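let me see the structure of the following:
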Amino acid sequence: MNKESLNICISCERTENIVPLVSITFAQNATWICTQCLPTLIHDPQKLVGKFENMNTDNPPDALN
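Numbering: from 1, shown residues only. Predicted structure coming up:
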């Protein structure tokens, strides 16, 4: 399997051969993030704004009741 056909982390760009990846979707676009970068997505999402199309941390989603 060549690198072009491997899934990669949207944050650190490491492949699924190097780190475990989790599939996520945002704005109807599927992508992958590794388990080491997942805390960044949860706790510091502004660091990933340029990685996701249409991502805007100025307007966070409402909390679930």
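
three-state assignment of the spatially most central residue of the chain?
In the chain, the C-alpha nearest the mean C-alpha coordinate belongs to I33, at 4.1 Å (CA atoms, centre = their mean). Assigned with DSSP: H, G, I helix; E, B strand; the rest coil, I33 falls in the strand class.

which strand residues bridge it?
Per DSSP bridges, the residues bridged to I33 are V22.

check it and give its pLDDT.
On the pLDDT scale, I33 is placed at 95.

list the contacts for it?
By CB atoms under 8 Å, 6 or more residues apart in numbering, the contact list for I33 reads 9-11, 21-22, 24, 41. The C-beta positions use only the backbone N, C-alpha and C, and glycine is treated the same way.

of these, which belong to strands?
Secondary structure from DSSP state E places 21-22, 24 of the contacts of I33 in strands.

what's the PyMOL line that selects buried ones from those residues?
Buried residues within the ones in strands among the contacts of I33, by 16 or more other CB atoms under 10 Å, are selected in PyMOL with:
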select buried, resi 21
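
between the ones in strands among the contacts of I33, which is nearest K47?
I24 (15.4 Å; CB to CB).

isn't that closest one right up against T35?
No. I24 is beyond contact range of T35, at 11.8 Å (criterion: CB atoms under 8 Å).

distance between whatever helix or strand P39 lives in and the chain's centre?
In the assignment (DSSP states H and E), P39 maps to helix 38-43. Put simply, helix 38-43 sits 9 Å off its chain's centre (CA atoms, centre = their mean, to the nearest Å).

and it, what does it pack onto?
Contacting helix 38-43 under the criterion 3 or more CB pairs under 8 Å, 6 or more residues apart in numbering; DSSP states H and E is no other helix or strand.

fine by me, thanks again.
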